[in-house]
Every structure is written in C-alpha cells, then in structure tokens.
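*Asks:* sequence below, structure please.
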Amino acid sequence: MKFPLSWIAQYADLPADQDAVARAYTLSGTEVEGRDTVDGEPVFDFNITVNRPDAMNVYGLAREASFLFGGPLKPVDASCAETGPPISDLTSVTVEAPDLCPRYTARVITGLRNGDSPAWMQERLIQCGLRPINAVADVTNFVLLELGHPLHAFDMDTLAQRRIVVRRAVRGEKMVTLDGAERVLATDHLVIADAVRPVALAGVMGGEHSGVSARTKDVLLEGAVFDPVSVRRTSKALGMHTDASHRFERGVDPEGAAKALDRCAKLILEVCGGTLAKGAIDVHHRPAEPRVVTLRHSRLEKLLGLSIPKERCASILSAQGFGLKEAGSGVWRVAVPSFRVDVAREADLIEEVVRVHGLDGLAYDLPPGVDPVGGRPRELEFEEALRDALAASGLTEAIHMSMTDPGICRVLDPGAEPVRLANPLAPATSVLRTSLAAPMLLAVSRNRARGVRSLALFELGKAYFQDGARPREERRAAALLYADEPPRRWCAPESADLLHLKGKLETALAKVGIRASFEPSQQPAFAPGLGLSVLAEGRVLGHLGTLSPAALDAAGVRSGTAHVAELVLEGLEALAAEPRFAPLSRFPAVVRDFSFLADKAVRWGDLRGALESLALPELADIRLVDCYDGKGVPEGQRSWTFSLTFQSPTRTLTEDDIAPVAQRVSGALREAYSAVLR
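*Replies:* This next block holds a predicted model:
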C-alpha cells in the first residue's frame, strides 16, 4: 500500500532522514518494501501484514510513528455543523441480518453540488494509486485511505422510499455493480437494498443505479461494520476484490465507523457545500465487548529469552493505546483498544512489546539441547543417527499411519489402553497405535499376499496411550525381520533369525554410542523362551523376540516367522557416548585365543564384562569365536572360545607384554564364574 510521507507527517512528527523512517517502520513489523517520488513527494510502499488492518491507512501509520519516534499523535478534525432537519425525517435504516451486519451508521447531506474534487485531494489519491472520480466519491476514498474505514455514498433520489434495508439476497436476484457487470446473487450474500431492490453488495461494491453522479444533490453516507467471513465469501464467490473488501475481510474497528462518517461529512460540506441533517442513524445490534487480556511479565521474558524492564513494557503498551491495570506483582490486566482487532491473547501483547523494544538484547548463545550446526534438538539429532545406523545394518525404513487395528494392539500390548478415534475411517483404523510393530506386521501381511517372502524393516515414530483423561505419546523405534522362504538351497544364505535381529540392533546402538546388553524375558506377544530385554546402564530400553503364532494370526500372517524389536527412545540420547577419534596404529596387532568351560547359566555378556573389567593394557578388541555344548563337553557346561586383540599406537608389542594376559584372564574368570581354561 502506497502512502506519501507528508500525509503521515500531518498527524505525527517524522525524522527528516527517510532511511531512519523506513528502518524504524520495517523493524517494527510494518515493512517498507519500496520508495518512489510522486508529484515531487516521497511515497513509501508498505507491505502491511494481513493481521494489521489498523495500519492499512495514514492515521494508523501515524499512530505507529508516534510511539516509534516518541512524538504526539495529532487528532483528526471531524467536527461538522448540523444545520438541516432531523435525519429521521429524511430516511430510515432497517437491518434484517444483524448477524452479518452488527453495526450500520448513516448520515444525510442535502443540497450539495457534486463536481470535481479539489486538486490537493486528487493529488493525494493519485499518490496512493487511486483514480479521481468525482468530489463525493473522492472524499469517501480519501477517508478510506486516511482512517481505514470503508464508506459508501448513495444518491438518495435513486433509493425507493429513500430508505435502506440490510438483508440477505434472494436466490437468483440480480444487480449491476459500479464496474458495469451484472451479478447473480445467492442467499448467503449480504446486500444493501432500498424498499424494492439491492443497491450495493455489502462490504464489496456499490450498485451502478444508486451511485453518485454530477446530478446528485442529496446523499446518504454509509459507515458500517460487516462480518469478515460474509464479505470474503461474497467477494470470492463473485470474483471481486476491492479496497473495501480487502479491509472488511480482515476486520475493521467497530468504533471507527462513526468517526470516519463524521470526517467524510465534514469534507463533503467543505468541498461540495450542502446541509448536514441533524443526528445520525446508528443501528447497533451487537455492541462489541471490550477485550481484556492478562499479561505476565515473567511469561514475556521466558517466551522472548531476553530481559525487558516492567516499566519499559508498560510504557510501550500505553503508547500504543492499550490500557494497563496492575493485577499483582508483574501482572497486568490490559484493555485492548477497539482498533486492534488482531490482539486477543497474551502472546499478541508480548509481540507488541518486542516489536517496538527490538531484539538487540537477545542472547547470542544457543539454548541447551540444540544442535549448534543445524539448530536441531538433541533428540532429533540422535534419532537421525539411529535411523542411519539401522539403515546401514540392512533394514529398510517404513513409514506408517498412526491409525491401526485395535485387535492387533490387544495382542501385541494387552496391558495398554489405546487412544480411540472419535470418527474413524474404518474399524480397522479406529485406534492410534500402542506399538510400532502393529502397522509393520500389517505391512508384512500385505506384502506376503503379493508374493514377498522376506522383509527387513525399521521405523521411528510415536506410540500413543490413553493415560487418564489425556492421551500420552512416546517416541519409539522398531525393527522387524520376516522370512517365509522355501527350503534353503546349496550355498544360499540362511534365513534371518532372532540372533540376526539382535546383532543388527546391537550394532546400530553401538554406532550411536550406546552399549547394549540383553537378558532373557517373556512378553505376551513372543513365543515361549524366545524373548529378550534390551538394557543399557541398568535401564530397560525395550524388548525383542520371535512373535507367537497368535500374534501373527492377529495380523493375518498365516505362515513364516517374524522377529520384532521395539525400543522406547524417550531420554535415550542422554545415554549415548560422544564419539572419540584416534589415529590408526601403524604397528601390528597380536591376537590370543582362549577356550573356557563354564556353567550353562553363564552368558557371553557376563564373560565379556569380566574381561573388560580387567583393563588389560593395549587391549583393542574382544570377539566371540565359538559357543559349543555338544559332544565332549561335560553335562551342564558350555565351551566358550573368544579372541583378544592387542595393539599399541606407539610400538610393536613383544611376548613379554602378552605373557601375563593368560594368567590374569584365567584367574578372573575362575574367580567370577568358576570357568576353567580348556
């Protein structure tokens, strides 16, 4: 929107430096996106956001300048002498649709002479990009630009019974608008009518028949408030967009109609002469309730992340026309002026403070939990690293809808209460998933029906639970291996089993810095003896196991074997160790193999933990080679074979370095688990 600086300066003092003016407007949210010179005067092109209809006019921009530059806001002269008969003797207004027109004001001027508007007024219109028409029309446009409230003038001699009726249109009703086009109306269109026919589209455009002309002597001036949704619906349906509809669609000041009408009447009397009827018609069916919003200073500083003194906050809001009343320590009850139709909540008031105060005091350091490179939260960074690790292990990522079948949820997680949808698409998608494995199993069923005999999938997403009155969500990761293949042929790889899934999960967690361990456990969805718990630093992260036939049947999988792992990711990033890098050693490694007999109750994780606790010098790797409990091994025992790799980054290891290892390993395992070196 284009406005000359000299017009704004009539109501507020502006600095002589145009760059300073443009910068102040832009940084406060009213962007100056262009500048021009029209008739020798500087004109700013403002990019005013849709939520600020109060700034879409000269006086609104002057109001902004008054508190940006600290000067007074000068009033608009709207005084006019009423020397004619009472307005009730000349016309009447009936509002039959008060829900779409909460306020309708009118004034009447008789005996005017309508010709060309004065040169100064035409110059202002041209500077703002409008074309002069005639004196009365130019005054209504001038006031629209000056005060932001759309007005309309009717030639009273064209109004049947010289009265106004605000009503909904009759289906199929027609009228010709000021642009010369015939419009066919519908029942949801609001019209301004006389006693017989529509004479204007409310809030959009007047009618050609009732428009003012050079012959016009008596005019009825309209200043109304229309429902924004109704105006937009009419504008869109008829393909019309006008300066009036642009403002009505965004909301106008409900108290601004009367002031704009008085200003318009004063200018018409000065330009065209005539007599102003006494009084005004003001049909006000739904007076607007004053809005009062609570503002907490503590909330303001917490939301903005910077410290603004209470006195500074109060002065900024007061300068903008807000009324403040203290309601406690650092708490205000703020009365919102009627022209700020966009301010309805605490966050809106906080925005008003910071846009004037500025963000110069905002701290430069990043808040905790944010990736300093990409600005991502740490949990998101961790999830992306885990996603990459699972994909690198040979799994394919799947993304499913959160809606799933309640039957499979009951089988996989019988103790969880699912969140039920109020309006589900189908019974099979009537709840939110309590497990990521549920939709993955359904995907197995769909793929198996299409001839896919093996799948390796993973997914990161959320599970949902009905926790009392409010739903609760949980970040999770799940992996699935499924196989229903024919008998293995010579040299063909064996089908994936539970240990394959365990290895993939263990490797993926290790890549993101989490050392996992596993313990036998039993979950309702797993086959007996084929379930494991996943642990890290004593915390249970989740479970993995082979699904029972009942779980497969619930998903419609009639054959094959499925192995599933599911982890809870909430807070898991805190367990991840930061990666550390070291140069590769240039010296050869030394490998020593050991075989021990131990009780069957002893697990490899126990043995590995005992070996790590020894803190052997230059130990680079511990690797399991073999596990055997068949022929030649005593009943109740198991043979474990593992290798230890030693490597120094600075020298070649000698036999003297490695010789003590066997004695330390044998002694530690014998003491801890009664293990005997074979």
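
*Asks:* in the helix or strand R35 falls within, what's buried?
*Replies:* For R35, the enclosing helix or strand under DSSP states H and E is strand 31-38. Buried residues in strand 31-38, counting neighbours by 16 or more other CB atoms under 10 Å, are found at V32. From N, CA and C alone the C-beta is placed, and that goes for glycine too.

*Asks:* can you give the strand pairings for it, parallel or anti for each?
*Replies:* Here strand 31-38 has these sheet partners by DSSP bridges: strand 41-47 (antiparallel).

*Asks:* what does the strand it pairs with contact?
*Replies:* With CB atoms under 8 Å, 6 or more residues apart in numbering as the test, strand 41-47 has contacts from 1-6, 18, 21-22, 25, 30-37, 55, 61, 127-128.

*Asks:* now with 7 Å?
*Replies:* Strand 41-47 is contacted from outside by 1-6, 18, 22, 30-37, 127, using CB atoms under 7 Å, 6 or more residues apart in numbering.

*Asks:* got the contact list for the strand holding R35?
*Replies:* Strand 31-38 is contacted from outside by A22, Y25, T26, P42, V43, F44, D45, F46, N47, I126, Q127, using CB under 7 Å, 6+ apart.

*Asks:* give the PyMOL command for selecting the buried subset of those.
*Replies:* Restricted to buried positions by 16+ other CB under 10 Å, the PyMOL selection for the contacts of strand 31-38 reads:
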select buried, resi 22+25+43+44+46+127
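
*Asks:* avg pLDDT for the strand holding R35?
*Replies:* For strand 31-38, mean pLDDT rounds to 91.

*Asks:* and for stretch 190-210?
*Replies:* According to the model, stretch 190-210 has a mean pLDDT of 93.

*Asks:* identify each buried residue in that stretch, please.
*Replies:* For stretch 190-210, using 16+ other CB under 10 Å, the buried residues are 190-194, 197-210.

*Asks:* just the residues you listed: which are in strands?
*Replies:* L190, V191, I192, A193, P198, V199, A200, L201, M205, G206 (DSSP state E).

*Asks:* of the residues you listed, which is the nearest to M403?
*Replies:* Here the nearest of those to M403, counting by CB to CB, is L190; it sits at 41.3 Å.

*Asks:* ok, the closest one to F382 distance?
*Replies:* Counting by CB to CB, to the nearest Å, the gap from L190 to F382 is 56 Å.

*Asks:* pretty sure V512 contacts A385?
*Replies:* Yes: with contact defined as CB atoms under 7 Å, V512 and A385 form a contacting pair (4.8 Å).

*Asks:* which one's more surrounded, these two?
*Replies:* V512 (22 against 17; other CB atoms under 10 Å).

*Asks:* so who does that one touch?
*Replies:* Residues in contact with V512, defined by CB under 7 Å, 6+ apart, are F382, A385, L386, A389, A576.

*Asks:* enumerate every residue touching the second one.
*Replies:* In this case it means A385. V512.

*Asks:* show me where the stretch 201-350 of the chain has its strands.
*Replies:* Secondary structure of the stretch 201-350 of the chain (DSSP state E, counting those that start in this stretch): strands located at 205-206, 219-225, 275-276, 281-284, 291-296, 323-326, 331-336.

*Asks:* so L144 versus P198, what's the distance?
*Replies:* Distance of L144 to P198, given as CB to CB: 22 Å.

*Asks:* err, G609, not the other one
*Replies:* Relative to P198, G609 is positioned 88 Å away (CB to CB).

*Asks:* with R539 instead?
*Replies:* R539 sits at a distance of 73 Å from P198 (criterion: CB to CB).

*Asks:* re the thing from before, now the contacts of V512 in JSON lines, with secondary structure?
*Replies:* Shown next, in JSON lines, are these (DSSP: H, G, I helix; E, B strand; the rest coil):
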{"residue": "F382", "secondary structure": "helix"}
{"residue": "A385", "secondary structure": "helix"}
{"residue": "L386", "secondary structure": "helix"}
{"residue": "A389", "secondary structure": "helix"}
{"residue": "A576", "secondary structure": "coil"}
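
*Asks:* turn those residues into JSON lines, columns for pLDDT and distance to T158.
*Replies:* Below are these laid out as JSON lines (pLDDT from 0 to 100; distance: CB to CB, whole Å):
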{"residue": "F382", "pLDDT": "90", "distance to T158": "73"}
{"residue": "A385", "pLDDT": "93", "distance to T158": "75"}
{"residue": "L386", "pLDDT": "94", "distance to T158": "75"}
{"residue": "A389", "pLDDT": "95", "distance to T158": "78"}
{"residue": "A576", "pLDDT": "88", "distance to T158": "79"}
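
*Asks:* tell me the one of these nearest M403?
*Replies:* Ranked by distance to M403 (CB to CB), the contacts of V512 are led by L386 at 24.4 Å.

*Asks:* please identify which of the contacts of strand 31-38 is nearest to A443.
*Replies:* So of these, ranked by how close each gets to A443 (CB to CB), first place is N47, at 48.2 Å.

*Asks:* which elements pack onto whichever helix or strand A565 is part of?
*Replies:* A565 belongs to strand 561-568 when assigned by DSSP H and E. When contacts are defined as 3 or more CB pairs under 7 Å, 6 or more residues apart in numbering; DSSP states H and E, strand 561-568 sits against helix 437-449, strand 470-483, helix 498-511, strand 539-547.

*Asks:* any chance you could list what contacts the second one?
*Replies:* So the one you mean is strand 470-483. 386, 390, 395, 419, 436-437, 440, 444, 454-465, 495-496, 500-501, 504-505, 560-570.

*Asks:* cool, the third one as well?
*Replies:* Outside helix 498-511, the residues that touch it by CB under 7 Å, 6+ apart are 386, 389-390, 393-395, 479, 481, 516, 518, 530, 532, 534, 544-546, 563, 565.

*Asks:* is there a quick PyMOL command that grabs whichever of those are buried?
*Replies:* Under the burial definition 16+ other CB under 10 Å, those of the contacts of helix 498-511 that qualify are selected in PyMOL by:
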select buried, resi 386+389+390+393+395+479+481+516+518+530+532+534+544+545+546+563+565
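
*Asks:* surely R299 touches E346?
*Replies:* Yes: R299 is within contact range of E346, at 6.4 Å (criterion: CB under 7 Å).

*Asks:* domain ranges for the chain?
*Replies:* The chain breaks down by automatic domain parsing into domains covering 2-69, 87-284, 291-357, 378-575, 590-677.

*Asks:* count of neighbours near G328?
*Replies:* The local packing of G328 (other CB under 10 Å) involves 9 other residues.

*Asks:* and it, backbone torsions?
*Replies:* The phi/psi pair for G328 (degrees, to the nearest 10) reads phi 140, psi -180.

*Asks:* top helix in this protein by residue count?
*Replies:* The single longest helix within the chain, with elements called by DSSP state H, is helix 655-673.

*Asks:* just checking, next helix/strand downstream of that one?
*Replies:* Next in sequence after helix 655-673, counting helices and strands by DSSP H and E, comes strand 676-677.

*Asks:* what's that next one in contact with?
*Replies:* Contacts of strand 676-677 with the rest of the structure, by CB under 7 Å, 6+ apart, involve F594, F596, L597, S666, R670.

*Asks:* mind listing what the fourth one touches?
*Replies:* Meaning S666. L677.
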